[in-house]
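[1] Need a 3D model of the sequence below.
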Amino acid sequence: MANNTRLKKNKKLLNKRHTKAKVSKEIDKGLTILNKIDNKIVSFFGSHITKKSNPEYKHCKKVAYELGKKGYGVITGGGPGVMEAAT
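    A predicted model of the protein is given here:
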């Protein structure tokens, strides 16, 4: 029974119109939020497997912190690793 439910959900996701409309709505919502920020924005993306003990993690954390102190908005991909460091 669970397979039938999953199949129905997958068919809905594979519907191009549904997918385009959903993605478009999410992008519009994100851009609306970003347009309300008056500061310059810096985006961090990177490896999700970078450990807190890694020099790259520490460097990213320091850079993001310094940019934030200077008034930049800092956004990330929301994942662990480098993106967590920037957050």
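
[2] In this structure, which residue is most central in space?
    G77 (2.6 Å; C-alpha atoms, centre = their mean).

[3] From G77, how far off is N39?
    Distance, N39 to G77, using C-beta to C-beta, to the nearest Å: 19 Å. In short, each C-beta sits where N, CA and C put it, glycine included.

[4] now T32
    From T32 over to G77 the distance is 19 Å, taken as C-beta to C-beta.

[5] thinking again about what came up before, and the residue nearest to the centre of the chain, backbone torsions?
    Backbone torsions for G77, taken as degrees, to the nearest 10, come to phi -80, psi 0.

[6] ok, it - contacts?
    44-46, 83 (C-beta atoms under 8 Å, 6 or more residues apart in numbering).

[7] and if we set it to 10 Å?
    Contact analysis of G77 by C-beta atoms under 10 Å, 6 or more residues apart in numbering lists 43-46, 48, 83-84, 86-87.

[8] Among those, which one lies nearest to Y65?
    Minimum distance to Y65 across the contacts of G77 is 8.9 Å, recorded for A86 (C-beta to C-beta).

[9] how close does the residue lying closest to M83 once chain neighbours are set aside sit to T87?
    Distances taken as C-beta to C-beta, 6 or more residues apart in numbering place T76 nearest to M83, at 3.9 Å, with adjacent residues excluded. Distance, T76 to T87, by C-beta to C-beta: 5 Å.

[10] Over to A64?
    Separation of A64 from T87 (C-beta to C-beta): 8 Å.

[11] what touches both of those two?
    Shared contacts of A64 and T87, defined by C-beta under 10 Å, 6+ apart, are found at 44, 74, 76.

[12] show me where the chain has helices.
    2-14, 16-35, 55-69, 82-86 (DSSP state H).

[13] So which residues make contact with the third one?
    Contacts with helix 55-69, where a contact means C-beta under 10 Å, 6+ apart, come from 39-42, 44, 46-47, 50-52, 54, 72-74, 76, 81-87.

[14] All good on my end, thank you.
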